[in-house]
Structures are given as C-alpha cells and as structure tokens.
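**Q** missing the sequence, but the structure's below:
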DNA sequence: ACAATTGCTGCAACATTGTTGCGTTTATTT
DNA sequence: AAATAAACGCAACAATGTTGCAGCAATTGT
C-alpha cells in the first residue's frame, strides 16, 4: 500500500523535472495518503524516525511541490498553511471545509462555484478561495 | 467630517456596554473611515502621534470590537488579519476581494452565496468565508 | 566508473504576527 | 471625590515562515 504511493510519488516528481530526493518523495507520499489538507507540522510528525527533515527543507520542498502543481496550499484562519495533494477531481478551483472544533480541513469537490456575480469595473478575476466552516461529523 | 465619525464611533461603543476609551473610539473611527479591510499594522499607522497605542492594546481593542459585532475580521493568505467596520449592508455573510499585486482588500456586497451545495452527512454548517483574488482596477 | 556541476539540505539567525501575565492607570459608578 | 472594575502598557513568549550561506548529493558528461 505505502510502496505503491511511494512509487507514484516518485514518478510524479521525476516527470516534473526535479530531483527525486527521499525527502520530496516521502512528503508527497504522505500528502497522497492523506484525505485532508494538513499542516507543515503534521507532515513533520508523519515523517519516519529514519527520515527527519529540517523545518526549512520541508518548507522548501512543499514550496517546490506547489510550484510543480503536485500539491496545493490552503489558507486557514490560524495562520498556518495546509497542504493537500492535487488529484484530478479538484486540481483547479474547489472549496474547503474546516471544522471549528477540531480544525480538520477537507476538500469539498462538488461545490458549484458558478460565477453568478460581478467584480467592480476594471477588476480582473484570477482565482477564488472558499472555505466553509462548521462542525465535522465527529464533532457535531 | 472626522468629528462625525468620532461621535458615531463613540455612540456605537457606548451602546455596546463597554468603556468608551480614546483608543477604542479612535480605532473604530479609523475603520469606519476606511472603505477596505486593513491590517493591524495599517491601523497603527493611522493613529495620530498624540494617541499611540501599544500593539497589545490595539489587538485587544480589535478583539473586543469583533466580539461586540462592531467590526469583523477577514482571513488573508499573508497570515495577517484584516479588519473592517460592520455596516448594515454586509453585517453577516459576504465575500472579499483581494488584489494579488497591491494586497488591497475590499468587501463584495452583492455576491450571491446561495447554498446550492451540500456538506457531507453529519457535517454542520456555521459560516462561509469567500475570497476572490485578482487584480484591482489600479493594478490591472 | 569517476569527476564536475547543479541544485538540494541543514544550520543559524531573523522577521512577522499574534498571545499571556502582571502590575499600573483610567473610565465609570456611587 | 473615592471606590471599583475595566482597560492599558510593558516584557516576555509562542507559532509560523523566511533568508543567507556553507556543505553535500543526485544527476550529467566523459
């Protein structure tokens, strides 16, 4: 199971024209294995004893993966980025749900985000970021 | 002009059952005078020389104003809260626009946010936070 | 297989934003 | 004016993220 993710991660990274280092592969595997968007800290904790990475290295690897469009960042209100692997389904615009009690963040894929609205004249649209807050199934 | 805002701010604070201190009145005046949501730092810079407040005091005053529903906080992706006075029009759910070049944040009032979507079973809705990103009229 | 090269890593130091504890001052109440 | 509860300022701390630089390692060329 994990070997499969590991191989997938390795391929994705190689196809992106970067060095497939142990750290990057492991980080991407962790994010691929995760259903929800997780923080830098949570990723750090999921790293095995045998492969501890420096905080800075982790930040830089994540930044690199974002640049290669393999993962994406989610803004949260606790001023900590959360990261999530890009899957086909929601590679572009999608929304996130954040539990106000346990801080869990998940992706909402079937959220219709039609642009039934207008920006003021002269304004130019780039992207939309939508977070729904509430209680998750465990906390409600 | 400013006197009028000052008086409005003072009344709002008194009606909220709190102490109408010079700092709180000034902060609320500043936010009432502003069309866009601004950061803690920007508020600090708009304080007159004669009324410099400690960082902590400013944070606490803002927190208090949020609790009294006189202003609201906006999450941004630069991990800095932005604050904006609550006006009738968008006292509850509304969206924000953030310019990706100059970082200006404005409120979008006429954004239809019908809940045409569903949360997973067991999840409970509380609030929605929507930020549209792009270029503002000056930057595009 | 080996050396060169490019880019990745780790360390240390720093920056920014926000929070907590506590003693002092101030706005309001009486 | 005095009492009191609330607000303030200072110092220290916490969390998250960034930058510069020296060294190491994965890839490339031979």
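**A** Noted; the coordinates are in hand. All values derive from a computational prediction rather than experimental measurement.

**Q** show me what the host helix or strand of residue A:24 packs onto, helices and strands only.
**A** Assessed by DSSP states H and E, residue A:24 sits inside helix A:22-33. Contact partners of helix A:22-33 among helices and strands, from 3 or more CB pairs under 8 Å, 6 or more residues apart in numbering or on different chains; DSSP states H and E: helix A:2-15, helix A:40-46, helix A:55-67, strand A:82-85. In this view, the C-beta of every residue, glycine as well, is placed from N, C-alpha and C.

**Q** just name the most buried of the ones you listed.
**A** The highest mean neighbour count among those, using mean count of other CB atoms under 10 Å in any protein chain shown, belongs to strand A:82-85: a mean of 22.

**Q** what strands flank it, and is each parallel or antiparallel?
**A** If you go by DSSP bridges, strand A:82-85 pairs up with strand A:38-39 (antiparallel), strand A:71-74 (antiparallel).

**Q** name the residues that touch it?
**A** For strand A:82-85, the external contacting residues (CB atoms under 8 Å, 6 or more residues apart in numbering or on different chains) are A:28, A:31-32, A:34, A:36-40, A:43, A:62, A:65-66, A:70-74, A:76, A:105, A:107.

**Q** near DNA strand D too, which of these?
**A** Contacts with DNA strand D within those, as defined by CB under 7 Å from any atom of the strand: A:39, A:40.

**Q** buried only: go through the contacts of strand A:82-85 for me.
**A** Among the contacts of strand A:82-85, the ones that count as buried by 16 or more other CB atoms under 10 Å in any protein chain shown are A:28, A:31-32, A:36-39, A:43, A:62, A:65, A:70-72, A:74, A:76, A:105, A:107.

**Q** what comes up buried for the longest strand along chain A?
**A** Secondary structure of chain A per DSSP state E: the longest strand is strand A:124-135. Buried residues in strand A:124-135, defined by neighbour count with 16+ other CB under 10 Å: A:128, A:129, A:130, A:131, A:132, A:133, A:134, A:135.

**Q** on that earlier part again, state the mean pLDDT of the helix holding residue A:24.
**A** On average, the pLDDT along helix A:22-33 is 94.

**Q** so which bits of that helix are buried?
**A** Taking 16+ other CB under 10 Å as the criterion, helix A:22-33 shows A:23, A:24, A:25, A:26, A:27, A:28, A:29, A:30, A:31, A:32 as buried.

**Q** show the pLDDT at the nearest residue to residue A:125 once chain neighbours are set aside.
**A** Of all residues not flanking residue A:125 in the chain, residue B:134 sits nearest, at 4.6 Å (CB to CB, 6 or more residues apart in numbering or on different chains). pLDDT, residue B:134: 89.

**Q** isn't residue B:134 up against residue A:124?
**A** Yes: the criterion here is CB atoms under 8 Å, and residue B:134 meets it with residue A:124 at 4.8 Å.

**Q** the residue nearest to the spatial centre of chain A and chain B, how far apart?
**A** Computing the C-alpha centroid of chain A and ranking residues by CA atoms, centre = their mean puts residue A:84 first, at 1.7 Å. Going from residue A:84 to chain B by CB to the nearest CB, to the nearest Å gives 15 Å.

**Q** who's that residue bridged to?
**A** Under the criterion used here (DSSP bridges), residue A:84 is bridged to residue A:72.

**Q** which residues of chain A lie near DNA strand D?
**A** Counting by CB under 7 Å from any atom of the strand, chain A sits next to DNA strand D at A:14, A:19-22, A:39-41, A:55-56, A:59-60, A:63, A:78-81.
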